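> Got a predicted model here, sequence first, then my questions.
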Amino acid sequence: MTALHDSPPADTARPRGPRVLAGVVAGLTLAVSLMLLAFAAPAVNSGAHDLPIAVSGPDAAVARLEAALDANGPGAFQVTPRADADEVATAITERDAVGGISITRDGVLIQIASAAGAPYAPLLRSVGAGLAAQGQVVTYADLVPLTEDDPAGSGLTALAPPRSRSAA
């Protein structure tokens, strides 16, 4: 060694031992764990939250419907009353609501927009099935259907991030 160089010769450098290997393993384990948590965490709080739906009908019937929706899925829907089925349809086509329910003297009309997203139409159809099970006459109208080129909405689904698929 000379006065200008205070480092030991290369052949006497400390060998990389078990501490370095343990550090690399711990670091990789932590990184993989964080990645798994990032993909699994959305599934914990998945489900409907404050989905805007428009409803119309007699005030008493709308109040019963809103109470039933809240009882079956607290916080799932944000219900906005409308004057009639046409206003419900307008709210859907203008994207103010993901769907709508109109209570008429002839029964219940469930209006959906399949092209708005994969989960909304089946969710509203399940609400309709619940009403039908109670003896209501339920009809459905798809105001904004998926395109003929993609009738299953698979193009829309392909755009969804992988973490949302873990909730399915």
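Yes, it's here. Residues are numbered from 1 along each chain as shown.
> wait, isn't Leu143 in contact with Ala113?
Yes - with contacts counted by C-beta atoms under 8 Å, Leu143 reaches Ala113, the gap being 5.5 Å. Bear in mind the C-beta positions are built from the backbone N, C-alpha and C, glycine included.
> So between those two, which is more surrounded?
It is Ala113, of Leu143 and Ala113, that has more neighbours when counted by other C-beta atoms under 10 Å, with 23 against 17.
> Show the contacting residues for that one.
Shown in contact with Ala113 (C-beta atoms under 8 Å, 6 or more residues apart in numbering): 92-93, 98-99, 120-121, 142-144.
> Kindly recompute the last result at 6 Å.
Ala113 sits next to 92, 143-144 when contact means C-beta atoms under 6 Å, 6 or more residues apart in numbering.
> what is in contact with Leu143 and Ala113 at once?
Ile92.
> What about the contacts of Ala113, which are in helices?
Ile92 (DSSP state H).
> mind listing what Leu124 touches?
99, 110, 112 are the contacts of Leu124 under C-beta under 6 Å, 6+ apart.
> Identify all contacting residues around the helix or strand that contains the second one.
Element membership of Ile110 [criterion: DSSP states H and E] is strand 107-112. Residues outside strand 107-112 that contact it (C-beta under 6 Å, 6+ apart): 85, 88-89, 92, 99-102, 121, 124, 128, 131, 136-143.
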